[in-house]
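Asker: Okay, structure incoming, though there's no sequence with it:
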Ligand SMILES: Nc1ncnc2c1ncn2[C@@H]1O[C@H](COP(=O)(O)OP(=O)(O)OP(=O)(O)O)[C@@H](O)[C@H]1O
Ligand SMILES: O=P(O)(O)OC[C@H]1O[C@H](OP(=O)(O)OP(=O)(O)O)[C@H](O)[C@@H]1O
């Protein structure tokens, strides 16, 4: 019997599903999407000042938890949350096989890029890189990217403020997120290569989808319809 057909015999659970949302900039962008999907979380859920971490919604079968962006993928991969919203950068970094990412939510647009000081970029030819030291919050993405290019990369793992690292002699290159480019510019760096374009995704724990196909399938469908209604509204507003 296949995993799917055996899962269909398991009764769906009566405990609420957990939707994991990322704290920070994406949380604000999630507001209209949640509203369009008919999710009404407790009022303080979208308030970054609230110290609460788990919130009921108007649906007794759905609770929301608010965690750090990198941890959304971990909560969902381990089944602590069944559904989540997470940047494609985080999914690329962890590459969890337990996560299914059915929908591009078209929020949190940015890119994972390589940058270096403006002064060295002028004389540097990325095609000639053979040995580089790279500071990044994305060690796996960076390692894979440089390996695919045949470049020996010594990776220094930082959790933030990567833009400081080249000027202080910690590394020659950084791999970080870029949106407007203003953080790079303010720190004397320039983007030299785009590794991947990023948006946020709806993510699902694969086992939960097998064991609760109706409930989780219905939420995927609600997010899909929400995206359609938002894009219809956006195109009629322009
Ligand atoms: N400048 C940006 N523009 C647009 N989206 C971004 C930008 N920076 C990050 N993101 C997206 O938002 C997600 C969360 O980024 P954010 O910078 O808020 O969190 P963080 O700094 O990683 O959190 P933490 O405080 O846990 O380190 C990223 O994974 C990415 O998908
Ligand atoms: O191209 P820009 O529009 O300037 O955006 C890029 C910046 O945004 C992110 O940092 P964030 O502001 O989230 O701070 P962080 O360093 O705490 O992650 C990222 O790490 C860059 O530093």
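Answerer: Okay, I see it. As the structure is a computational prediction, the values presented were derived from the model and not from experiment. Numbers count the residues shown, from 1 in each chain. Ligands and ions are numbered 1, 2, ... in the order given.

Asker: any idea whether residue 185 is helix, strand or coil?
Answerer: Following DSSP: H, G, I helix; E, B strand; the rest coil, we place residue 185 in the helix state.

Asker: tally of neighbours for it?
Answerer: With neighbours defined by other C-beta atoms under 10 Å, the count for residue 185 comes to 13. All C-beta spots, glycine's among them, are computed from the backbone N, C-alpha and C.

Asker: One more: residue 202?
Answerer: Neighbour count of residue 202, defined by other C-beta under 10 Å: 23.

Asker: Same question for residue 227.
Answerer: Other residues within reach of residue 227 by the criterion other C-beta under 10 Å amount to 19.

Asker: Same check on residue 63?
Answerer: Residue 63 is surrounded by 19 other residues when neighbours are defined as other C-beta under 10 Å.

Asker: Show me the contact partners of the longest strand along the chain.
Answerer: Of all segments of type strand in the chain, defined using DSSP state E, the longest is strand 189-198. By C-beta atoms under 8 Å, 6 or more residues apart in numbering, the list of residues contacting strand 189-198 from outside reads 87-89, 92, 108-118, 121, 124, 126, 141, 145, 163, 166, 173-175, 177-178, 181, 184.

Asker: The closest residue to ligand 1 within the chain: what's it in contact with?
Answerer: In the chain, the residue that lies nearest ligand 1 is residue 87 (2.1 Å; C-beta to the nearest ligand atom). Listed by C-beta under 8 Å, 6+ apart, the contact partners of residue 87 are 22, 26, 69, 108, 110, 198, 199, 200, 201.

Asker: Residue 113 contacts residue 175, doesn't it?
Answerer: Yes. A contact is recorded between residue 113 and residue 175 when judged using C-beta atoms under 8 Å, the distance being 7.2 Å.

Asker: who's more crowded, the two?
Answerer: Counting neighbours by other C-beta under 10 Å for residue 113 and for residue 175 shows that residue 175 has the greater number, 25 against 21.

Asker: Verify the assumption that the more buried one is located in a helix.
Answerer: No. The assignment for residue 175 (three-state DSSP) gives strand, which keeps it out of a helix.

Asker: and the residue nearest to it when sequence neighbours are not counted, what is it in contact with?
Answerer: Spatial nearest neighbour of residue 175, chain neighbours left out: residue 136 (3.9 Å); criterion: C-beta to C-beta, 6 or more residues apart in numbering. Applying C-beta under 8 Å, 6+ apart to residue 136 gives the contacts 142, 155, 156, 157, 158, 162, 174, 175, 176.

Asker: which residues sit in contact with residue 28?
Answerer: Residue 28 makes contact with residue 46 under the criterion C-beta under 8 Å, 6+ apart.

Asker: Doesn't it lie inside a strand?
Answerer: No. The assignment for residue 28 is helix, going by three-state DSSP, so no strand is present there.

Asker: Residue 63 touches residue 53, doesn't it?
Answerer: No. Under the contact definition of C-beta under 8 Å, residue 63 does not touch residue 53, with a separation of 10.6 Å.

Asker: Pull the number of nearby residues for the residue lying closest to residue 39 once chain neighbours are set aside.
Answerer: Of all residues not flanking residue 39 in the chain, residue 57 sits nearest, at 5.6 Å (C-beta to C-beta, 6+ apart). A count of nearby residues for residue 57, using other C-beta under 10 Å, gives 19.
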